[in-house]
Every structure is written in structure tokens, then in C-alpha cells.
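In: Dropping a prediction and its sequence here:
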Amino acid sequence: MKLKSISLHELLTDLNIDQNVIDEIVKPPFANHQLTFAESIVVYEGIKTGEADCRISAKEKELKQIEDYHQYVCAELLERLLMPQIAAKIFTKTKLTIQGVGIYRLADLVRVREGKIIKENHALNLHDTIINIDLTFKDCTFVGGINLQGATTRNLIFERPRFHTAINTLNNELESFIGINLYVRGSLIFTMKNTESHNADKSHPMIDLSRKARRDEEKTNNFWGFKEDKNFWEIKDDKQNESENLIDFQFKGSVNLQHAKIDDKLEFYSVNINGHLKCDYAQINRLIFNADEFSDYENVSRPEECIIKGNININEASFQQGIHLQVLKVTGSISGYHLRSGQFFIYSATINGKLDLTFAEIEHLLSLQESKIVGVIDAMSDSQEYSIQASGLIAGNIFMRSGLKIANGIRLYRCVVKDSIDFSGSLVMAAYPDNEAINLIGGKIGNDIQFSSGTVIIGTLFLEDASVGRNIYFSGCKLLNKYPENYKKGDTVNKSVSAKNAYIGKSIFFSPMSKNLNKTVFRRLQIEGERTKDIIDKKVPFPDQFRSVAVEMKKQLISNSKNKLTRTVKSYGPRHLRSEAINEYINSKCNIFFDSIDNHEFFLSDAMRCYENAIKYLKITTEIENGIELSDIELAELLLETTISVGNISFTGIHVSGQIDLSSALLYTLAGVQEIPDHKNRIRLIRFIKKLTEKRVYKKSTDYPNALTMKFSNINGELFLNEGIESNLERMGRIASFPFRACGEVNLHSSKIGQFFISPRRGCAENSKWKVIGVKYSYIYSNEPAARISLLERCDWFYNYGEENNRQPYEELAAAYLRAGDDTKARKVLLRVIPRNGYEQLTLWILRGVSWLGIPHYKSLLWLVGLFFAGWIVFTQSGNTGGIIPISKTASVEINKSEPAATIFFSGGAYSFQHMMPFLSLGQKEAFATTIYSGRNFFPDWIPLYADSGVFTSTYLFFHVTLSLLFLSMFIIGITRIIKRS
Amino acid sequence: MKIRNSFYNWQKVDPEKEFTTEDFLYFNEGSSKIQFSPSDQMEIKKALNFDIYQEEGKGYTLYEIKNTSPYRPFTSTILYNKVNTGIKILLGENKPIYELNAEIDLLKNEEFNKFQEEKDKKTDDPAFDKIRKYIRFFFDNVSGRHGFFYFCETFEEMKEALSFHYNKIENKEELENQKEKIQRLKKENKLAKFRMVVEKHLVLPSKQGKFKMAIVKNQDPERFICTVRAFMIFRGSLFEALVHIEKTKERVLSISNEQIGIRDTQIFGNGAKNAFSEVGYEDSLPPFELF
């Protein structure tokens, strides 16, 4: 059907417009312009009501065979109508809404009618125009770009638009929306919301079907994203995702809003841009990227995300209220160098490149959640690259938590955070080659740093010289690095945490945080486990939880980096070669770079293998200690509660004002040293371990890699290297406790500790060795009720490194015991001290024997009483058998002998007692002596023994006096301590 | 379009009697639009038979409004609820229909439990009638990317859809091709055989109601309330397909198992396939007037 054509002049006259204005509009080329249907509607209804709905029903179009060009509007006409002097006279309403049209240039008219391809040009050119009406374009197609350079507009809204490209003459790039220096006195909105449109894709049932099939495919990946794959670690060829070809880009080129000023918001809703978004130096109140979480009419949740095939550049821009990037996929990077913003939210977004926030100032909250940031490595440059580069960032709070996944490290070097940083529940992988996962060196954090509830950090966490106002929580965190396979002395151990010279205002916790929190996490795990059957089916559930995600992201990173490398080589390499030759050239010349990129993958797989060993070790030791076999659920819960560090935790020179609680942490740096026992040998092993811990402890001569280094540290409060505070003990049904476990050396050299809570068994029975030289503490405690002599007292955990001051630990322990009022233990500890030479060794043995007899003081008293009675018996018998002779004239041994001169008679008891008092000389002692030889048997007749009474008594007296002296002095010293104390 | 029209039973109504000024104000969102202006040249048709969106005369009625405003020589199809004032303008997409389904709870679940299993291919069940009306209405008003699906339940409808297809300007060339093909068949003296094949497999079964929509066994009772086998003409070809109505509130329609009819054994049997290929005819159906 042919539609009736109306001339512009006719239509304007029909609208009762002033003739002068009509003349102005109907200048060439519109003198004899015949309007299309859409144009007539735009002019007539647009001017009359401000609403021009030019859509034609699809049925009507098909039945009446209306050609497409009837829905086109020529741009020149629109531009002329929007010229300020004309617009002011014709538009009585403050808005103009145009719906369902295509906008083209007059020059392209012929090609449009023929349905041919149009050369890229500005479809609508409104540069340097002041527009005083709200413009809304709904379902409009711009056959070319739109140019709003230097224009001033009110609200500008594009609903379901479609932009082609035009060349921006300023930078010679293809851009869809050129808004340099644009000033919007309101909002600039691009939205795909409200599908009341001609969008045929959505209405076509068949298309729906194919989409559904695609979504079903996506759904087969379970919650953890785990996919069974034999060649799990192999990198597959990077093929472009086929579904990506189906993406419908509303912007065929970039959006350029450099230096633009927008009073209210700049919003992109479910919009796809095939190019960059440039907002450098812009002043925008709010930047919002958003999309519907759920697509229409489908049960499957799949966000209709915004896709940007390029970068978002917001360098030096300022956003008064903030930036909200939600449900967004960026193929390039986001760079916000020295960006100023009130808030910065990234939620449920995928950023394939990196996020650059160097020197950015975010007043309140920087929040990155549920997002993936992959990053890219420049293999040819020396500089280290990160997924998030935010050196010198100033922020109120930083939330990088709840499912944030980082493939290539976070750099927060010298950042200043007024409140806290929260990393809980995120996955951070290290940047190669320095293995920096999170770099907080020199950072200033006002409050807490959280790494709790299942944070996984693969690589090193640098906290060197950082200052943290309150606590650091590592509760349940997994700090993973790799350790040397066969450790030799002098090998460097990769650090999982390096907090050299950090200052912590309060405490560091490795122990579980709150019972409820973990319960919730676990419940969620259980639910997911039921759904995915992952926890139940898999023997070792936890590595898989993040492993697949980690591998996938690393693969993405590697492919990104390789692409970048290839691109770089192509652009700077030989240009005369054909494409295959170039590929060969790249392969031959850049092997080193490709290899260095590949190392990423190897590091990850190494770390994962070490982590699996750690989990095995944890499982078996827990089973042995508790005498049970752990179910998979229990193991999952155990892993959830346990903080695992693979690699060295270095707290050298750290200053902590509160406590460091390392209970329920597993520090693992060993492989190959300990053989993990089989389940079959368990019962034997339990016996063996019990034997080990109760009776004898072996010394280790093997070299251990460092698991925990706390050299030169200063801890004002408590250091827990045991089962932790009481509340930790009653956590799980069958597992009694979550102790501190270290596999490797624990170096506490020259640290200052307020109160030291320790389980020395960990230092000697398990695969660890403690270096405690120079440790100073005011109080020490170990809870080992089962042992007769506590391991602490036995001092076997002081491994002798043969260094200077190796007697200091004994002195320190003794001093601590003394302070605690346990002088006995203190003395015993002192006797265990490492001797300087053989002579000292000998004396120490004797002293040890004596002290074993006479300490504590009640033991000496008992000995004294015993001696007294023994002396009484011996001397009485001796007196009867002639072993005692009087040496004074007034003395007589026997009472019944009537010697007139005798005034002193011999008494066995008194004689014994008086000989026990060394400094007294009393009657009995003066009056009687022992003979050397009496000639009579000491023993009575009924004992078949013979000993000369004199000889026996003199010998006995010698021991009697010596021992009395010894025990008396020990008793007196003991008593003095009590008196002194009271 | 006779049959199609009789399905809806269009009846002309007087605009002034049918709609009040308030109604028109509502159509135009107050006075912000002049899309529907009550003018002398306006023609309004009302679908009397189409009642699936009506509940005791209160729900939505289907209207066709022609020549709505001075520069709009088109027909608009709308669903309008006079009592509770609601309007859905049907422009060819499924969204307004789905929205309406969710709003009025079309096809209540309990009614259709019996369709879970395969039944006699009875088509006079009132509940099934509702489904049939919904499917036909949906495909009459929702366009695919490349055009409409014409649902055919009789041979006449098929003929109508085919002739409509060949009437289009863009299909003139195709028509020429068809004519050439028929000419070729004539030359080879195969036209009689072709006519016989067509009559055997298309014309005759139609008299027995073979092309009517029918309930088939629900393939996925968890997801669909029912599945219907139907025939349709799409771009000059006859298709057999399964149409599913989902259990979602919106009653989403989807098509699966599409098979081009003229080559398909399910509709015409193996014999037909051989017969058609024997006479050298494999493409879309020619307009029936040609032979």
C-alpha cells in the first residue's frame, strides 16, 4: 500500500503556526519536502502534544505491506525544528518524545529507500545547540552517530536506542555518541528497560527457544562453577564464546563524554556498547550501570547485563554522589586515575581488564562485591601489573568482599582508609612474578581489616609497615602459597603473610570469629552441597569450592595477556609479513614471554597441591587426636573453622597492642618430612603418639622451613599458641578442640610477649621446632592436665640452636614460674639448663638428684623427720651395742650403771636431733662420740647380719649429718620463700 | 480472511456509543497524546466471540480501531477493559499479552490438569476451546522476526494464508517460480499426479479435521500445562509443530519440534514424501489456484 504523502508546508499550516516561522522552516531543502509517515507524526503530534508515537503495528505492516522507510525521520528536519530560535516558537510543551523511528541524513535518503548500507556519518548533529526541552527518544535507530559536542540540553533520555557510528574528527575514532563538553541540566539516560517495543528478538517464540537452550546450558554449571574436566589444568585454545556473537550492541561505537557536565545522573540500563565509555575529566553527579537481575518471563536467572566491549575511562572525573556499576561486563579495563567520587560500587560485574584507582579519592565507600576482575599482564614490560591498582587511594571504607574474585592481585600501596577494609569471602590470586596477592604496604587503616569467612588468598599478603587502628581478623581465612618440595637449610620459603614492622592497634585473630556467623556459612554450604552434591560426592570438598573458579580466571588472565602480547607484537613488529608469517614470528620471538605468562598457571597448581596436602594433614591429625573418623560434612566444618596458611607467616618486628590468637590455625610449610600415616596404622599410631607425648620427647635435628616468624615482635597482650580461649573449645560435637598447629619452624626469637599461652606439645610432638631464644614474657600457661610432668616444665620444646644466649629460655621460664609462685618448677627448670661444659654437666646431674629429693620444702621436712627417727633407732641400738662412748666424765651411756659422776645419760632421740642441727653444740653432742671400733655386732641376734657397731654408727653419722645439713638448709630456704611471700 | 474473521466475529460498533470521552482520554494517556482522536472517519470493530480475557463481561474486549487520527491511516488492535480501565495496545510483541495473562490469571491450572496425559483428540471440550482461542489470538497478534505464523485448522484457511503469502509484492518472484514449476510439471505430464498427491494428502484429510489443533501427550508436565499439536503456514510452507503453554503466570507460549510439512512423514506419511519427490516437488506449497 502506498501511504498518502503530505507536504511539510501543508502540515505546518494545519498546525496554525505563524507564517514567518513556517517560512523559516520550509527553506531548502524542505521547500517541497514530502513527509514520510513518521515525519508527519513527529511534526504534527510532536508539536501539538510533545508525544510522537510513530510505531506501526506489525500486523498492519505485513497486511498493508508498508515499506520500512515510512518509519524514518530525516535528521535535518529534526535539527531544524530543534534550532533554538525555531524550537522556542513551535514547541509549546517542555518535552518532545519520539518513538519508533529511524533517524537518517537527507544525503542518505536514496540509500535508505533502497535498503542499502549507509556510510557512517552523524545521524543527528546537534553540536553547540541549546535545547530547552526534555528530549526522549524511544525505540529509535540512529543511522550513524549522534553528535552533541558542546551542546546544552535538559533531560536527555534514550529508551532502547540503537546507535551506529560516526568518525569523531577530534580523535579520528569511530564513536556512536559524541558528547564532549556536553552540558546536561538534568539526566542523561540510556535504558533498555520496559520491553514494550518493536524489539522482534523478544517477541519471537523461536528465538526464545534458542535462548532458553543456551540458558539451560549455562545452568548445568553448579554453584561453585565446578565442571568435571580431566585436563583441568590444561589451557585450552582461547575461542571466542559463540554466544558473544549473538550480542546485540546498541552502540556500535564508543560513547564519548569527556569534559561533559551532567547535573543529575548518567545511567546505562542493560545497554551494550561495542567500544569504550570515555568520561575523563567529566563532572557527573552519579554514574549508574544497572540491569534487571532476571530476564522477562523466565525462571532461569540470568542478568540482562550491560556489556561494554572496551574500556571505561573515568580518569580525573568527579562524581559528586557516586558510581554504581551493577550487572555489568567490561571487556576492557576501568581506569579511574585520580578519580573523585562520593561512593564507588561495583556489584555483580565482570571486568576483563584491570581496575585502576590510583590516587583516587572516594569519600565514603569503595565496594566491590560479587564481581570478577581479571586483569591483564604486560609480559614485555618490567613493571608489575595488578587486577586492582589503587596505590595512594583515599577511601572511607573498602569492601572487597562477598564473592569478589581477583585474578591478578590487589595493590593498595600506601592507601589511607578512614574506617575498615573488608576482604571476607573473596578470592584473591597473586600477581606474577612477585606473588603479591594483596599489597597493603605502608597503608593506614583506621579500624579493622577482615579476611574472615572463607577468604582465599593465593599468594602473599603484604602488610609491611602498615598501621591498623584496631584488629586484623584472619578467622577461617585460607592463605595459600607454595612451599619448597625438598627443603634444605637456607632455602627461602614463600610467605603467605608478610607483616614486617606493622603496627596493630589491638589484636590479630586467627581463631574463629563468631559461632553464629560460621553456622550460617556452613548452613549455606550444606544447602548448596545438597543442590550440587559437591560436598557429599567429593572427598575433599574445599579446594574444589574455589579451585575451578580460580583456574577459570587464571585462564582468562593468561588469554588476555597473550592477546595483548600478540597485539603489541603485531603493531610494533614487522608489518610486511602476512598474517600466518606474523603468527610464526610471534611464536618464535616471544616464547619467553609466553612461558612467563604460563608460569601463572603453574604457581596456582603448585599452591593448590600444597593446600591439598595441608588438608590431608589436618584431617589425619584431627582424627588421631580425637580418635574418630571424620565424615565429609565434619571435615567441611573443620575446614571452615580452621585458618590455614600454606607458607611462612612473617610477623617480624610487628607491634601489637592487644593479643595474637593463633589457635585453630594450621600453618603448613612441610612436605616430604612427615609421612602422612595410613588409616590402617591408626591405632598403633595413637599409641605411639601417646607414648611420645607422655614419656619421652625426641629432639629434632632436621631443618624445618619457617612456618611462623615473630622475630623482634612486641605483643603487649596475649599470644595464644594453644587451643585458644575457652569458648573455642565447645564448638563442634565430636572434635574436642581446634588447636594451633604448625608444620615447620616457629621462630619467636627476641620477641616481647605479655602473656604466653602455649601448648608445647605442638613444638615437640608434631612436625615443628620452636625457636624461643630471647623471648620475654611475664606469664606463661599451658593446659595439659593429662601429663604428670607438664611438657612446659620439661623444657624439651626449647630446641638448642647452638646459638648465643641459649640458656635464656630456661631463665625466662624459671622467672615466669617464680612470678607465678611456682618456685619448685622454677628451680627444676633452672637445673635443666644447657651446661657450658662437662663439669657443669656433672654438677647439674648431682643437683638434679638432690633437688629431686628435697624440693619442694615439705619433701625436705619429711626427709628430716625420717632422718630423725632413723637416727634415733640407729643411735639407741648403737648405744646398746657399744658403738657410742662417753667422752665427758659426767656422761654415761647406760642409765642403769650407777656412776655417781654421771649427770648426762645417752638418749638416741636427742643425739639424733642434736646432730641434725649443725651449728648447735648441745649436751648429748658434746658428751658422746662414736667409736671407730667396738668389737660388737650392731644388729640384734635374730638378724643374721654382722656389722661392727662402731664402724656402722660412725658411717651412719656421716650421712646423717650431711643429709640433715642439706635438707635442713633446703627446708629453711623453702620456708623463707613462704615467709617472704606472705 | 473470512474464517479468521469468523473466529473473532468482528462487528462494527458506533464509536460514540461504544466509548465515552473518558475512554478516549484514557487511550491517549490524558491529553498528552492524540494517537486515538475521536473523529468522523474512525471505524471501530469489536470481537464478539473472543472472550478469554472476559470474566462475566467485565474483563478485556478486543477492538480494532481504524483511522484513529488525521495522519494515521492505520488500524490499531487494542484490548480494552472498560470497567477497570486498562488498555493493551497490540503492536506485534508478546509483552502486553503476557502482562495481561499475569494480571487476570488466564487458564487456571486446575482446569487443565486433565491435559497432562494424552487424551482423545477431542476438540470440543470447552477448556480446550479456551486454549485454542489463546493460541490463535497469540499468533495472530505476535509477529516473529520474519513475519507472522498463520495458524490453519482447515484447508480453506491454508489456502487463504498461501494466497495471502503470494499476494505480497516481495513474493511475486517466488510466485513466478512456482508458476514455472507447475508449468514444468505440466510439460512432463506430472501435473495430474501432483494434483492427486495434493488432494490425497492435503484436501481430503482436512475434511476429517486432521488439521485441527489437538492435545498431545505433555512432554514436560513439570513445566507446561499442556502441549498442542498445530499446523501453520509460515512464509509459504506448511509446518507441523508442538505449541507449549508454560506454567508460569504469564502463560508463555513456545514452539518446538517444527517440521516442514510438505516433506514430513508425520503429516503426510512416507507415501507422500515419495510421491512428492517423484513429481519433483520439494519446496513450499504453490497457491492452490494454480491447479
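Out: Arrived safely, thanks for sending. Remember, it's a predicted structure, so these values are computed and weren't measured experimentally. Numbers count the residues shown, from 1 in each chain, chains lettered A, B, ... in the order given.
In: Now do the same for residue A:526: its pLDDT.
Out: pLDDT recorded at residue A:526 is 53.
In: for residue A:515, that is, sorry about that
Out: 56.
In: In contact with residue A:353, which residues?
Out: Taking CB atoms under 8 Å, 6 or more residues apart in numbering or on different chains as the contact definition, residue A:353 lies against A:311, A:330, A:331, A:332, A:333, A:334, A:374, A:375, A:376, A:560. Bear in mind the C-beta positions are built from the backbone N, C-alpha and C, glycine included.
In: With residue A:965 instead?
Out: residue A:918.
In: Would you agree it falls within a strand?
Out: No: for residue A:965, which was evaluated using DSSP: H, G, I helix; E, B strand; the rest coil, the result is helix, with no strand membership.
In: Helices of chain B, start to end?
Out: B:2-8, B:15-18, B:21-27, B:95-104, B:126-141, B:155-167, B:172-187, B:191-198, B:204-207, B:265-278 (DSSP state H).
In: burial of the closest residue to chain A within the stretch 101-250 of chain B, as a residue count?
Out: Using CB to the nearest CB, the closest approach of the stretch 101-250 of chain B to chain A is made by residue B:143 at 3.7 Å. As a burial measure, residue B:143 scores 23 neighbours (other CB atoms under 10 Å in any protein chain shown).
In: right, quick check: stretch B:65-73 against chain A, any contact?
Out: Yes: contact of stretch B:65-73 with chain A (CB under 8 Å from any CB of the partner chain) involves B:69, B:70, B:71, B:72, B:73.
In: wait, which of the contacts of residue A:353 is closest to residue A:881?
Out: Residue A:881 has its nearest neighbour among the contacts of residue A:353 in residue A:375, at 100.2 Å by CB to CB.
In: measure residue A:651 to chain B for me?
Out: Distance check for residue A:651 against chain B: by CB to the nearest CB, to the nearest Å, it reads 57 Å.
In: which ones are touching that residue?
Out: For residue A:651, the contacting residues are A:497, A:499, A:500, A:502, A:508, A:660, A:708, A:709, A:710, A:713, by CB under 8 Å, 6+ apart.
In: The fifth one contacts residue A:661, correct?
Out: Yes: under the criterion of CB atoms under 8 Å, residue A:508 lies in contact with residue A:661, with a separation of 7.2 Å.
In: Neighbour count: these two, which is higher?
Out: Neighbours were counted for residue A:508 and for residue A:661 using other CB under 10 Å; residue A:661 has more, 28 against 25.
In: give me the beta-bridge partners of the more buried one?
Out: In this structure, residue A:661 bridges to residue A:509, residue A:720 when assessed by DSSP bridges.
In: Not counting its neighbours along the chain, what's nearest residue A:83?
Out: residue A:129 (7.1 Å; CB to CB, 6 or more residues apart in numbering or on different chains).
In: on that earlier part again, closest one of the contacts of residue A:353 to residue A:883?
Out: residue A:375 (97.4 Å).
In: Okay, buried residues for the helix or strand residue A:286 falls within please.
Out: Assigned by DSSP states H and E, residue A:286 belongs to strand A:283-290. Residues of strand A:283-290 classed as buried by neighbour count (16 or more other CB atoms under 10 Å in any protein chain shown): A:283, A:284, A:285, A:286, A:287, A:288, A:289, A:290.
In: same check, this time on stretch A:403-421
Out: Within stretch A:403-421, the residues scored as buried using 16+ other CB under 10 Å are A:403-415, A:417-421.
In: what residues are up against the residue of the stretch 1-150 of chain A found nearest chain B?
Out: Nearest to chain B, among the residues of the stretch 1-150 of chain A, is residue A:58, at 2.6 Å (CB to the nearest CB). For residue A:58, the contact set (CB under 8 Å, 6+ apart) comprises A:198, B:91, B:92, B:93, B:143, B:148.
In: and if we set it to 7 Å?
Out: B:91, B:92, B:143 (CB atoms under 7 Å, 6 or more residues apart in numbering or on different chains).
In: do residue A:161 as well
Out: For residue A:161, the contacting residues are A:137, A:140, A:142, A:190, A:250, by CB under 7 Å, 6+ apart.
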